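Build me a structure from this.
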Amino acid sequence: MHRRVNRRLLDPGSLDGVDPFYLPEAGNTFELPCFWVEAERLHVFSLGATSARRHLFFIHPEAVFGYRAWLKGCAPGPRHFATATSSTRTVVAWPEASPTDTRCLKLSLPVLFASERRVVTAELARDAVETTRRLRHLRTGLRIVPETLGLVPRDADLGGYLVRELPRVPLTPWFALEHPERHIRGFLRAWLKSAVEHGWVADVHAQNILVSPGPTWWVRDMDSVWLDDPELEGARTSLHTFFLGGPARNHRALFFRELERLAGKAAREPDTFAQWLEDERHFRRKAPKPPTGVRRWLAKEQSGEGRARDPRRFAKVTMAVLPRRFRPEEKPVWRLPYFVAPRGRVHIYGTERPPALFTSDGGVRVFFHPFMAEHHALDVLEFGAGTEAFWATPTSSPRSVVVWNARGELFGLKLSLDVELLGINRKVDDSKLKRAVEVSSALRDVRYLREPVAVRTEEKDYGFIYRELLPGSEMNALTPGFLWKREPPWRALVETFAKLAFGQGLIGDLHRQNVLLTPKGEVVLRDLDAFKRAPAKEYQRAWVDALRAEWMYGQKTKRWAEVDGLLFEQLEQWLGRDVVEAERAELRRRGWKTLHDPRDPSEPLYSLDAMVRSKTAGATATWPAASPQLSN
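Residues are numbered from 1 along each chain as shown. This next block holds a predicted model:
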């Protein structure tokens, strides 16, 4: 009856080349060709076991010519008649000898409709029957019209057909409803129950929705159902493309008003709605708890407390750009996706080969953040999704995760995220992959979480870093710097900074998230890709912003003179007394009696960069002695 669509959202399609006699609006009954075909020549997909030696194979009259060679030697089946439903290739059929024995068949019709060939492939038949198997017993939300049998030629590139079991209730297609607007609220609630509680969505255009008294809403065409939707394409398009483009095309305001009752502000934009929907699903699923050896430490990491930073120096820390299921404070646990690539197809930095990454048959597990599923869709298509379950939960950073599996492996990963946090894109690019491994092998006289291996594929310039965790329950004893409740261990922090900067020529971000502290106040470093060979103008920034002002502001302390004094002790040790005294003399010459500006103690008056330049100008050899393994 009323089959119009919103052409900005949906292609109405056409059946040019099909004899008008077979179109639904013709209302004709026609003879349906069928033949007996040996089971061994067919892919047979069935809900139940079948031992039949041959099957009745139905073919649309418009497609018979293409099957002539394949049907050679096949006996004709009993005479059948058929008439089209709202779809030209989906028919109701019955044998001439028993007109009440009707069945619904979805046939192959090798013509282009809405840019797609309308044939039932083996893959489509398999998925349709499997979808039926998984959803047929559900009695809440949307209901499905089961597709219980699929037959597809095994020995030829030809389409097959599906058998569809119609429910024994009166059915009306959505496009034939007299007042479709009266169904929108109820349909959306049923759709949401199916999507959230049962985990499936479908291409719910007007032809695919049937309505029975009650009302109950039924979905047909199991090949339109999304059971697994890692890229959220189904979640984006089910309502905002297919339903809004067809069933709700004349009721746009009503559609959004009702959807906003259910999803709030997320209802308006397809991408935002898809993420909201996946969040709702995620927090209803049961996931395993993290291993006991890291559980107490993770509770601190994911607390969401103590993350304030000096607004004069740093942007506000916010995770609003990420869906809720990826935010640390939500304490999410998800199954970590990966694919196994041949070693020849990946770049590996580092010589160690942890079994969690490297398989016994020469493959490499390439892990990626679930938020990056679209970025790796082609990789998964080429190599296949990994089957062993690896579970992950974020630390205080959404891309640095703790990972474990049933075999007892426990490790950390720093994954790539294509989002901006604090104004920086969070992909782990090639330079950072190399740097993390180089720094991990070069560090000395400090404690840190090793990062011995990093991996990326040939096609991408970003990847992930493998991070070792402390053994046993040692991680549980650590406290992230941003949650340290006592006076910061200033001496340990300053000594660590000095060992790295002046002893090894490395500077990094010793801010409170990158520093873990033992109960005794000993420093344990992480995020080694944040360290690099110290440029001559970076000492001051690394000291003032990342350590001195960061810790003072976060810990609400004002011990500026004490901290500057500890630094100058280290400067005398590493740069020499003459360099330090020269800097003090310069400050006195300028009229200063303290090492910091009394009006703003967060700004030191001395210059680390100037002192380092003074030291290097008088040095006879390269200073400080950075590891030759390190790249800039």
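
quick one: least confident helix or strand in the chain?
One helix or strand of the chain scores below all others by mean pLDDT, DSSP states H and E: strand 109-113, with a mean of 66.

Nearest the geometric middle of this structure, what residue?
Central residue of the chain (C-alpha atoms, centre = their mean): P370, 2.0 Å from the mean position.

Quick check: the residue nearest to W191 when sequence neighbours are not counted vs L158, distance?
Residue nearest to W191 in three dimensions, not counting chain neighbours: L142, with 6.0 Å by C-beta to C-beta, 6 or more residues apart in numbering. Any C-beta I mention is one placed from the backbone N, CA and C, and that applies to glycine too. Computed with C-beta to C-beta, to the nearest Å, the distance linking L142 and L158 is 32 Å.

For A442, grab the count of nearby residues.
Applying other C-beta atoms under 10 Å, we find 17 residues neighbouring A442.

isn't it right next to L500, touching?
No: counting by C-beta atoms under 8 Å, A442 stays clear of L500, with 10.5 Å between them.

name the element A253 belongs to?
Secondary structure assignment for A253, by DSSP states H and E: helix 252-263.

Residues contacting that helix from elsewhere in the structure, which ones?
181, 184-185, 188-189, 192, 239, 243-244, 248, 267-268, 273, 276-277 (C-beta atoms under 8 Å, 6 or more residues apart in numbering).

returning to that earlier point: quick one: which of L142 and L158 has more around it?
Per other C-beta under 10 Å, whichever of L142 and L158 has more neighbours is L142, with 24 against 20.

contacting residues around the more buried one?
A190, W191, K193, S194, A202, W217, W218, V219.

what pairs with W218 across the strands?
Beta bridges link W218 to R143, L210, judged by DSSP bridges.

Please state the backbone phi and psi of R548?
phi -60, psi -60 (degrees, to the nearest 10).

thinking it is in contact with V563, fair?
Yes: at 6.2 Å, R548 counts as touching V563 under the criterion of C-beta under 8 Å.

Could you work out the most separated pair of the contacts of L142?
Maximum pairwise distance in these, criterion C-beta to C-beta, is 14.3 Å, between K193 and W218.

Can you pick out the residue with more neighbours from the two?
W218 (20 against 14).

still on that earlier bit, just the contacts of helix 252-263: which are in strands?
Using DSSP state E, the subset of these located in strands is empty.

Any figure for the gap between K300 and D545?
24 Å.

do the same with L254
Distance of L254 to D545, computed by C-beta to C-beta: 53 Å.

So which of these two has more stuff around it?
More crowded of L254 and D545, by other C-beta under 10 Å: D545, with 18 against 13.

show me what contacts that one?
D545 neighbours (C-beta under 8 Å, 6+ apart): R313, F314.

and it, which of the three is it?
helix (DSSP: H, G, I helix; E, B strand; the rest coil).

so what's P535 scoring on pLDDT?
If you check P535, the pLDDT there is 69.

quick one, strands of the stretch 401-550 of the chain?
Ranges of strands in the stretch 401-550 of the chain, per DSSP state E, counting those that start in this stretch, are 410-414, 417-421, 424-426, 447-448, 453-457, 463-467, 479-480, 506-507, 515-517, 523-525, 532-533.

Neighbouring strands of the first one in the sheet, and parallel or not?
Taking DSSP bridges as the criterion, strand 410-414 sits next to strand 400-405 (antiparallel), strand 463-467 (antiparallel) in its sheet.

by how many degrees do the shortest one and strand 453-457 diverge?
Computed by axes from the mean of the first three to the mean of the last three C-alpha atoms, to 10 degrees, the angle separating strand 463-467 from strand 453-457 equals 160 degrees.

Now do strand 463-467: distance to the chain's middle.
Here strand 463-467 is found 16 Å from its chain centre; the criterion is C-alpha atoms, centre = their mean, to the nearest Å.

before we move on, what about stretch 174-181?
37 Å.

Also stretch 60-70?
That offset, for stretch 60-70, works out to 44 Å (C-alpha atoms, centre = their mean).

tally of neighbours for A125?
Per other C-beta under 10 Å, the neighbour tally for A125 reads 26.

In three-state terms, label the closest residue in space to it that isn't next to it in sequence for me.
Among residues not flanking A125 along the chain, G150 sits closest, at 2.8 Å (C-beta to C-beta, 6+ apart). With three-state DSSP as the basis, G150 sits in strand.

Got the domain ranges for this protein?
Following automatic domain parsing, one gets these domains for the chain: 20-164, 172-282, 292-474, 491-508+527-618.

Of these, give the one that comes closest to P480.
Closest to P480 of those, according to C-beta to C-beta: domain 292-474, at 5.9 Å.

Run through who's touching stretch 225-240.
Contacts for stretch 225-240 (C-beta under 8 Å, 6+ apart): 131, 134-135, 144, 188, 191, 195, 199-204, 219, 255, 259, 270-271, 273-275, 277-278, 337, 370, 373-374, 377, 380.

Buried ones from the residues you listed, can you make that a ChimeraX selection?
Those of those that count as buried under 16 or more other C-beta atoms under 10 Å are selected in ChimeraX with:
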select :131,134,135,144,188,191,195,199,200,201,202,203,204,219,255,259,270,273,274,275,277,278,337,370,373,380
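
give me the element R312 is part of.
Going by DSSP H and E, R312 is not in any helix or strand.

same thing with A320?
For A320, there is no host helix or strand (DSSP H and E).

Could you give the number of residues near it?
Applying other C-beta under 10 Å, we find 9 other residues in the vicinity of A320.

In stretch 393-406, which residues are buried?
When neighbours are counted by 16+ other C-beta under 10 Å, the buried residues of stretch 393-406 are found to be T393, P394, T395, S396, S397, P398, R399, S400, V401, V402, V403, W404.

from those residues, which is closest to A356?
Set against A356, the nearest of the buried residues of stretch 393-406 by C-beta to C-beta is V403 (7.5 Å).

For the closest one, which non-adjacent residue is closest in space?
In this structure, V403 finds its nearest non-sequential neighbour in A392, 4.8 Å apart by C-beta to C-beta, 6+ apart.

Most widely separated two among the contacts of helix 252-263?
Applying C-beta to C-beta across these, the maximum distance is between E181 and W276, 24.4 Å.

quick one: which of those two has more around it?
W276 (20 against 13).

can you tell me which residues contact the more buried one?
Residues in contact with W276, defined by C-beta under 8 Å, 6+ apart, are A263, G264, A266, P323.
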